[in-house]
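A.B. asks: No letters, just coordinates:
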């Protein structure tokens, strides 16, 4: 399961009284044949729609046209009311009151299908459903009616943005998603130091959570999972009176946490030895890049290039997607990520894509590189001595392919 949503899943499981994902068999039983259109080969019960959405979104990000049947599989997972469950083994069976709706799955599906285009009816119904289950504080929980949490609220914001909505205008009882996030932002100073909490505990206490902070920074900026480097402000940690200030505070917390452990975050699972957290590190890279904190984002993506291969191979399509998002956000070539072709490896976890379509951004880069190539030649041959400034040309070559 994708690590970014694990805290939300566990919280939802506690609410509905079901077994935790950790207790589930990681692979399906022999009698449960996985759909041929699905990405990944582990039990999709808790993350089928999520990992399919991330896989399709990552392919679109790098100019790959996904297999038509994989897109259709995702579309058919939608319930008649516009919602999505984490996974429906038989989409021909109508959703009912027992169907466990999942705001995170719905939001990921919206982001993927909006990026692919041609699915306005599906994304529109999903957005309408998300609006219908918004909490009175302006946020969302993993399950409809669950307490608002930073991760779920933030990914819904990303879905609203992807669908052309203005998140701050999506309000319930006068409260917007930003209002919910600001309530989950910790003050500067002390252990939290500007981070986001996942949600308050039973006593109302909030604790800094790096996973939630990465999500919260994106949500506060109104961004989804696919971002380009933003413009950094000079803001320092201060009272989070605005979403932008909360994002700056959260980014500052992430930068300090990443620098503390040689460019990566550490997991903090109860009863387990701390170990590098690759998924959260990738999410933090995307969040920092979106906020314009490029220096630390690039240091951390270099660490991922050197160390994430085994994790991604074991974790599957969502992990490859996270790394592709981190590469895209920092202008790193996902087809040569520490020597690994992330795109090829992602494609290998599911049906072969239709084609590797060249994106407009790639075309623009080719034109730009050709332009500089011609004028470099002319400059050398005809105007020797005149220097040419290449504004991050090497890095631009590695942006979205």
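C.D. replies: Received it, and whenever you're ready, just let me know what you need. Quick caveat, the model's predicted, so the values are computed rather than measured.
A.B. asks: For residue 217, give its distance to residue 196.
C.D. replies: Note on residue 217: its distance to residue 196, by CB to CB, to the nearest Å, is 8 Å. All C-beta spots, glycine's among them, are computed from the backbone N, C-alpha and C.
A.B. asks: Which one's more surrounded, the two?
C.D. replies: Between residue 217 and residue 196, residue 196 has the larger neighbour count (other CB atoms under 10 Å), namely 36 against 33.
A.B. asks: Could you list everything that one pairs with in the sheet?
C.D. replies: Residue 196 has the following beta-bridge partners by DSSP bridges: residue 185.
A.B. asks: Tell me the spacing between it and residue 153.
C.D. replies: Distance, residue 196 to residue 153, by CB to CB: 10 Å.
A.B. asks: intersection of neighbour lists for the two?
C.D. replies: Residues touching both residue 196 and residue 153 by CB atoms under 8 Å, 6 or more residues apart in numbering: 181, 184.
A.B. asks: just checking, residue 297 touches residue 288?
C.D. replies: Yes - contact status for residue 297 versus residue 288: in contact at 4.1 Å, counting by CB atoms under 8 Å.
A.B. asks: Look at these two and report which has more neighbours.
C.D. replies: Using other CB under 10 Å, the more surrounded residue of residue 297 and residue 288 is residue 288, with 33 against 29.
A.B. asks: Show me where this structure has its strands.
C.D. replies: Using DSSP state E, the strands assigned to the chain run over residues 64-65, 265-266, 276-277, 355-356.
A.B. asks: any chance of those strands in TSV, plus mean pLDDT?
C.D. replies: Shown next, in TSV, are the strands of the chain (pLDDT from 0 to 100):
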stretch	mean pLDDT
strand 64-65	97
strand 265-266	94
strand 276-277	96
strand 355-356	64
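A.B. asks: Is it possible to get TSV of those strands that adds mean neighbour count?
C.D. replies: Below are the strands of the chain laid out as TSV (neighbours: other CB atoms under 10 Å):
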stretch	mean neighbour count
strand 64-65	18
strand 265-266	20
strand 276-277	20
strand 355-356	12
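A.B. asks: thinking again about what came up before, between residue 217 and residue 196, what contacts are shared?
C.D. replies: In contact with both residue 217 and residue 196: residue 250, using CB under 8 Å, 6+ apart.
A.B. asks: Low-confidence ranges, the stretch 301-401 of the chain, go.
C.D. replies: 356-401 (pLDDT under 70).
A.B. asks: got a list of what the residue nearest the centre of the chain touches?
C.D. replies: Here the mean C-alpha position of the chain is nearest to the C-alpha of residue 225 (CA atoms, centre = their mean), at a distance of 3.5 Å. Neighbouring residues of residue 225 by CB under 8 Å, 6+ apart: 54, 57, 108, 111, 155, 158, 218, 286, 325.
A.B. asks: tell me the pLDDT at the third one?
C.D. replies: Residue 108 carries a pLDDT score of 98 in this model.
A.B. asks: Which residue is the nearest non-sequential neighbour of it?
C.D. replies: residue 53 (3.7 Å; CB to CB, 6 or more residues apart in numbering).
A.B. asks: picking that back up, kindly provide the distance from the residue nearest to the centre of the chain to residue 57.
C.D. replies: 6 Å.
A.B. asks: What of residue 166?
C.D. replies: Where residue 57 is concerned, residue 166 sits at a distance of 21 Å (CB to CB).
A.B. asks: pretty sure the residue nearest to residue 108 is in contact with residue 115, am I right?
C.D. replies: No - Residue 53 is not in contact with residue 115 according to CB under 8 Å; the separation is 9.8 Å.
A.B. asks: With neighbour numbers in mind, choose between those two.
C.D. replies: Neighbour totals were compared for residue 53 and residue 115, and residue 53 leads with 30 against 19 (other CB under 10 Å).
A.B. asks: Who are the contact partners of the more buried one?
C.D. replies: Residues near residue 53 by CB under 8 Å, 6+ apart: 74, 105, 108, 109, 111, 112, 113.
A.B. asks: from what I can see the fourth one touches residue 54, true?
C.D. replies: To tie it back to what came earlier, the one meant is residue 109. No - using CB under 8 Å, residue 109 makes no contact with residue 54, being 10.0 Å away.
A.B. asks: my guess is residue 351 meets residue 72, correct?
C.D. replies: No - between residue 351 and residue 72 there is no contact under CB under 8 Å: 10.8 Å.
A.B. asks: Of those two, which one has the most company?
C.D. replies: Ranked by neighbour count (other CB under 10 Å), residue 351 and residue 72 place residue 351 first, with 17 against 11.
A.B. asks: Now that one: closest residue in space that isn't a chain neighbour?
C.D. replies: Once flanking residues are discounted, residue 351 sits nearest to residue 67: 3.8 Å by CB to CB, 6+ apart.
A.B. asks: What are the neighbouring residues in contact with the one you found?
C.D. replies: Residue 67 makes contacts with 37, 350, 351, 352, 353, 354, as judged by CB under 8 Å, 6+ apart.
A.B. asks: which one of those sits closest to residue 134?
C.D. replies: Distance to residue 134 across the contacts of residue 67 (CB to CB) is lowest for residue 37, with 31.2 Å.
A.B. asks: Nearest spatial neighbour of residue 208, chain-adjacent residues omitted?
C.D. replies: Spatial nearest neighbour of residue 208, excluding adjacent residues (CB to CB, 6+ apart): residue 195 at 3.6 Å.
A.B. asks: neighbours around that neighbour, how many?
C.D. replies: There are 30 residues near residue 195, going by other CB under 10 Å.
A.B. asks: so residue 232 touches residue 295, yeah?
C.D. replies: No - between residue 232 and residue 295 there is no contact, the gap being 9.3 Å when judged by CB under 8 Å.
A.B. asks: hang on, the earlier thing: among the strands of the chain, which is nearest residue 81?
C.D. replies: Taking the strands of the chain one by one with CB to CB, strand 64-65 is closest: 29.8 Å.
A.B. asks: Report the distance from the closest one to the chain centre.
C.D. replies: On the basis of CA atoms, centre = their mean, to the nearest Å, strand 64-65 sits 19 Å off its chain's mean C-alpha point.
A.B. asks: shift numbering so it begins at 58
C.D. replies: From this message on, residue numbering opens at 58, which makes the last subject strand 121-122.
A.B. asks: Check which helices and strands that strand sits against.
C.D. replies: Secondary-structure packing of strand 121-122 (3 or more CB pairs under 8 Å, 6 or more residues apart in numbering; DSSP states H and E): strand 412-413.
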